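Chemist: Quick one, what's the 3D model for this:
(2 chains)
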Amino acid sequence: MRLVTGFILFICCYSSTAFAQYAVSDIPKELLSRASATVRLEEMTIHMKAPNDVDIMNKTIITVHNKAGEKFAEQTLGYDKVRQIKSAKGEILDEDGKVIRKFGLKDFKDYSASGSSTLYSDSRVKVYQPMMNNYPYTLAIEYEYRYKQSFGLPAWILNYQEGLSVEKSIFKFTAAESSKLRINEKNCPVSPKVEKNGKTQSYTWTFENMAANRVEPYSPIRRESATIVEVMPEEFQYYQFAGKISDWQSFGTWYNSNLVKDKRNLPPATVAQIKQLTADMATPKEKAKALYKFLQTKTRYISVQIGIGGHEPFPAEQVDRVGYGDCKALANYMQALLDVVEIPSYYAIVTAGNQQVDFDPNFASLDGNHAIVCIPFENDTTWLECTSTNYPFGYLGDFTDNRLVLAVTKDGGKIMRTASYSYDESLQHRKSNLTLDASGKLSGSLSTLYKGNQFDNHFSNYHEHLDEQKKSLRQQYDIDRIEFTEVKYNLDADKIELTEELQIDIPRYGIVNGNSLTLHPNIFNRGSSIPEIVNRKKPVRIYRGYTDIDEIEIELPNPKEQHILPYEKKLEVPMATYHQTVSKVDGKLKYYRKVELKEGTFPVESYVEFSKFMREVQASDGIKFNLTLVDKK
Amino acid sequence: MLFASTWAVAQSTNLPKLTVADFTTDHQQIDTAANAIVLFEIGRSELDVQESEGGLHLNFYCTIRKKILKKDGDTHATVEVPLFKYGSKYDKIREIKASTYNLVNGQIVEDKLKKDAIFTEKVTDYYDQVKFTLPNIQENSIIEYSYRIYSPQIFNLKTWYFQSEIPTVQSEYTAVIPAIFQYNVSLKGHYPISDTKSTKLSEHFLWGGKRQDASRMTYIMKDVPAFKEEDFMLAPVNYLSAINFELRTYHDPNGLLKNFTRTWKDIDMELLNDKEFGGQIKNKSVYSKILPTIIHKDSSKLQQAKAIYSYIQKNITWNKNLGKYAEKGIKDALQDKKGNMADINLGLVSALNLADIEAYPVIISTRSNGIPNIIHPVITDFNAVIVSAKIDGKDYLLDASDKNLPFGLLSLRSINDRGRIIYSKVNSDWISLVNQIPTKSTYNINAKISPEGLITGKIDKYYTGLEAWIKRTEVGEFPTLEEYEEKAIEKASGIRILSAKIKNQDNLEESLVETIDFEMDIKDNMQGNMLVMNPVLFERQRKNPFNLTERNFHVDLGSAQSEVYNISIQIPQGYTLERAPKNTALTLPENSAKYSYRSVFQDGVLMVQQMRNLNNAIYSPEEYFHLKEFFSLLIQQQNTDFQFKKL
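Modeler: All right, here's what the predicted structure looks like:
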């Protein structure tokens, strides 16, 4: 009761003069460095009154120093049936902390939260953009939420973004003393203050004076070093479901029995069709492949998010009838197909995206944004992306590769790592036979093999129409006047290898000047340097390595006249190697280039040699030769 | 009445019966690249009176049949229908029906769309979107869907597009219009109407207790190719084949004539009488107080105009909404320091007029909105407003909504054929939207090569016109000029940038200047007694922007452009010039583009002057290939090295 009174008082204090203390000149100097905005004070108070009744109060006072800081002042409040915005109001203060504008919930714009790839979603957002043109200014806002559930409560994430410094940040979690809480603290420099107040107990984390960071290329993702505090009650409410979890094991059990189970029934006609389809197949893998193909032919990806759409798949019967579904529905449908032929499978939840974000193996919480299927074949764990209508069986692109995910099994949740491709498996191997004539025109054949991480970059072109293929090839091989007279792709779906076979013409590739002709033998793959970073702070992290090999043979005009001295360049650093050779054999110029970039983490000091390496590669890739033409007199 | 409209539904939006032949016909051969095709589509707009719902409404019926040719054509099985709000009134959708047909063992099997698979989503305060996707889509599925929109908006009939990103076999649009209504009809796009039909419907329309005759006009287009977007073109909406109706007049049941956009005079009157347009311009109280603080009485009219422009530009932030009507009004916009394009530019007209400077609003259609109809006045074609000021006999086009536009320059957004200048309630005229300030980039390079092969030097880059606007916008994305410089240093490849200083970022009246001190190691280019080097050290053209083998539409660059290099490089002592690219001059027919490259080596200094002028803003599809060749030769020339030999 006392807390409620306190809260009312707190609101009353919120008047124009309350912020006068937030003059920009009060910001400590060390927080201005590299900061385009400074959080003066942020405070989130989560008060769990009951598992199905949670109040969340937020207060943010943020000073924007320049245009780049605008994004930090923008307020985006998401809401849906179980997350209601109770109130929101704020003010804009000038440099001296004087109020120049007030705003309320009616000044927010209301949008659907669904992206263009979503057919329908019932979650929405309210957005407020200050649109100030004069810097600095300070935005002060308070808003309040009521959650009708206690699963998926917001976590407290600090210094997650570059360019933002924090003066003071407070996270407070209050619940009945009797409710058991699980607390996850990552990179957390402080311990919470624990206070008892009658029957409630609260935890308060206070962070002060965190300086801004800047973007550094080839760094670990920000999430790894960010400070995160997350509090989850063991007993919780999620939509209509009550639950109790303490770890991934129990999380998986709960998830399975409430959200996933009993959704894998198929109509008898489909069951019969699948049995017939696989009747003559000997191995489970063969059957699984056939069923994946069946899924790809029959269904398409359409996202519909209603109610517990965020985590509950549509039943398999529905997918079978309409022929579409979102990632969850399609993964679940794939499992239903596998059930028919008695191949065990797991429903796997993943945080998808180009960044490889892991599930935290030590703390179970509502995470992830995508679902895939795992088939635990012995010594051959296979992952299936069910939203793609053309991926080869078992291929995961950079959307879900190499990260920790949660597999929901009969026996509870299990953290597993998805498939990855090492640098030597991620190959681009190009072989080319070309002829250079006296006008500088190059023509001939070009054959390139793509594998592993490099497969996905080119696979999308495989299905395109010839006109589109040529268009994207022209971007890939961005050389003036290049023409593709023949384009052919060969896919080996079992090995997951794609070969691109081209016939090309490049008029005027060689530069004619009088009776000399300049030739750059590295035609297709030139490296570019990476920035030198002074005072780098973070280690070097390469997430996806690769190997590129170029082997080019060029028949030269009047070959006897051409004197080409053999040339070799070798470079090596811990994370990469480079090898380039040029020689003349049988009147042809032979060019060889190999670059390896190895995935892994390397010490911060190694960045200097890495950027030097890349600079040297760029310089070396520009190698050129002057050829002699026969005098036309 | 009831009889008439039932008859109409039955007659004019039903497609021919679906047959097995529709599945077995090879439609892919029409366009081998297409992943879906419109087999038949029919639309019909018909005015309707519902006394209970406040009088005149529009019924828009449509039925569409498509075939999904390839798996990735399944996106065409998802349908989105926008429903607009007009104040308190709004569009309603009725009678949604949709089915997928598949040929299974020679039989046509139908899968119906279920009602619970139709979603309505509020997108913004101005419109909702109705969305559904058809079930059981396979390669070779045929889908058919139909709906009716009941709209309070009778001013424009729904614009009918005969063309889309997939090919269309047949597309028909019918307008049923009572004889007492006159609409302006306009056609857009490259393809002709294949056929039109017109019928008189006697006593078809019941209004005010009287039966009125109506006419039924049908427009048919057959075999319309898919629309494909290309680089350097205006918004696709300008090129799609479409038909548009805008209400001109009608007689109400009492015989009284209601006038709509009959002439430009009517529009001039309407705009200037509108509270959110003319009303804003007339509002003298907003700027009268502060005007003396902005301008000096003794300064020239041009200086005063510039001061007013600059004041409004700096003090009001554009909220990214276009619009020809004020959103908040010029008063609140100034007070809250933000507003839409009309809030800002109508305020500018008002303030200029207050200072006795002749200025008028110019309504325009932005580049992505399509070119306005030139033949008929179609007020809804215009979606933004800029300003024309006449000072000492010279005309200036102004837009104070963009922070980086100097006085008299328009952004690419506004450069779209022509706009309509509203002089008075009885007078308006077309004016060309052309930038008077030329777009130009000049690079002055001064450098010296040491005997060890290190180039050190300085480059001054000057930008004016649109180039300056583009560069200022780019620099403006950085919080500070120091951070811009930091990024420039880090980003540099093949060259070491020691410093990169920007001058005149906020001084819009002057050229934007970037001064770079640099170093570059070319000792690899010194082999034996030879020195090979290319003096175009910066922004050398390596890629051809015109690399297509086929071009159907004209190229629109937004303005004429020129680029000049003045290069002076001191070569180490003892070297003589061995080989140099030939001096070249190149001109495209009718002087539409010009390129020249000249070099001199004298007293140990290599001097190169290069000039590239694209003299037109717009080039025809044929000229595309001239440009392609032009750039190819230019790339050749620029990439030719100089060779020096040490004696």
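Chemist: tell me, how many neighbours does the closest residue to B:Ala117 other than its chain neighbours end up with?
Modeler: Leaving aside its chain neighbours, B:Ala117 sits nearest to B:Phe132 (5.8 Å; criterion: CB to CB, 6 or more residues apart in numbering or on different chains). (C-beta placed from N, C-alpha, C; glycine too.) Number of residues near B:Phe132 (other CB atoms under 10 Å in any protein chain shown) recorded here: 23.
Chemist: hey, where'd the helices end up in chain B?
Modeler: B:2-12, B:20-24, B:264-273, B:278-282, B:285-288, B:291-294, B:301-315, B:330-336, B:341-354, B:465-476, B:481-491, B:621-638 (DSSP state H).
Chemist: so does stretch A:97-111 get close to chain B?
Modeler: Yes - using CB under 8 Å from any CB of the partner chain, stretch A:97-111 reaches chain B at A:101, A:109-111.
Chemist: first to last residue in that stretch, what's the distance?
Modeler: Start-to-end span of stretch A:97-111 (CA to CA, to the nearest Å) is 31 Å.
Chemist: Repeat that for stretch B:505-518.
Modeler: 21 Å.
Chemist: Only the buried residues of that stretch, if you could.
Modeler: B:505, B:508, B:511-514, B:516, B:518 (16 or more other CB atoms under 10 Å in any protein chain shown).
Chemist: now swap in stretch A:507-521 and tell me
Modeler: Under the neighbour-count criterion of 16+ other CB under 10 Å, stretch A:507-521 has A:507-513, A:516-521 buried.
Chemist: do stretch A:252-271 as well
Modeler: A:252-256, A:258-260, A:263-264, A:266, A:270-271.
Chemist: tell me the mean pLDDT over it?
Modeler: Across stretch A:252-271, the average pLDDT comes to 91.
Chemist: With stretch B:255-264 instead?
Modeler: 75.
Chemist: Pipe the buried residues of stretch A:507-521 into a markdown table and attach distance to chain B, secondary structure and pLDDT per row.
Modeler: Output for the buried residues of stretch A:507-521, formatted as a markdown table (distance: CB to the nearest CB, whole Å; DSSP: H, G, I helix; E, B strand; the rest coil; pLDDT from 0 to 100):
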| residue | distance to chain B | secondary structure | pLDDT |
| --- | --- | --- | --- |
| A:Pro507 | 8 | coil | 87 |
| A:Arg508 | 6 | coil | 84 |
| A:Tyr509 | 10 | coil | 89 |
| A:Gly510 | 10 | coil | 88 |
| A:Ile511 | 5 | strand | 81 |
| A:Val512 | 8 | strand | 82 |
| A:Asn513 | 5 | strand | 77 |
| A:Ser516 | 7 | strand | 82 |
| A:Leu517 | 11 | strand | 87 |
| A:Thr518 | 7 | strand | 86 |
| A:Leu519 | 12 | strand | 90 |
| A:His520 | 9 | coil | 90 |
| A:Pro521 | 15 | coil | 93 |
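Chemist: tell me the average confidence for stretch B:588-597?
Modeler: Per-residue scores along stretch B:588-597 average to 92.
Chemist: So which bits of the stretch 501-647 of chain B are right by chain A?
Modeler: B:521, B:524, B:532, B:542-544, B:547, B:549, B:579, B:581-582, B:631-632, B:635-636, B:639-641, B:643.
Chemist: which of those count as buried?
Modeler: With burial judged by 16+ other CB under 10 Å, the buried subset of these is B:532, B:544, B:547, B:579, B:581, B:631-632, B:635-636, B:639-641, B:643.
Chemist: remind me which residues of the stretch 351-500 of chain B are low pLDDT?
Modeler: The stretch 351-500 of chain B contains residues with pLDDT under 70 at B:493.
Chemist: Ignore what I typed, I meant chain B.
Modeler: The model of chain B has pLDDT under 70 over residues B:1-13, B:51-54, B:232-235, B:261-262, B:493, B:539, B:541-542, B:547-549.
Chemist: Domain map for it?
Modeler: B:2-17+B:29-259, B:264-432, B:439-646 (automatic domain parsing).
Chemist: from the middle of its chain, how far away would the shortest one be?
Modeler: In other words, domain B:264-432. 20 Å (CA atoms, centre = their mean, to the nearest Å).
Chemist: One more: the last one?
Modeler: Shown here is domain B:439-646, whose average C-alpha point lies 29 Å from the average C-alpha point of the whole chain (CA atoms, centre = their mean).
Chemist: ok, so what distance separates the closest residue in space to B:His204 that isn't next to it in sequence from chain A?
Modeler: What sits nearest to B:His204 in space, not counting adjacent residues and going by CB to CB, 6+ apart, is B:Ala214, at 4.1 Å. B:Ala214 is 39 Å from chain A, where distance means CB to the nearest CB, to the nearest Å.
Chemist: What of B:Phe553?
Modeler: In terms of CB to the nearest CB, B:Phe553 sits 16 Å off from chain A.
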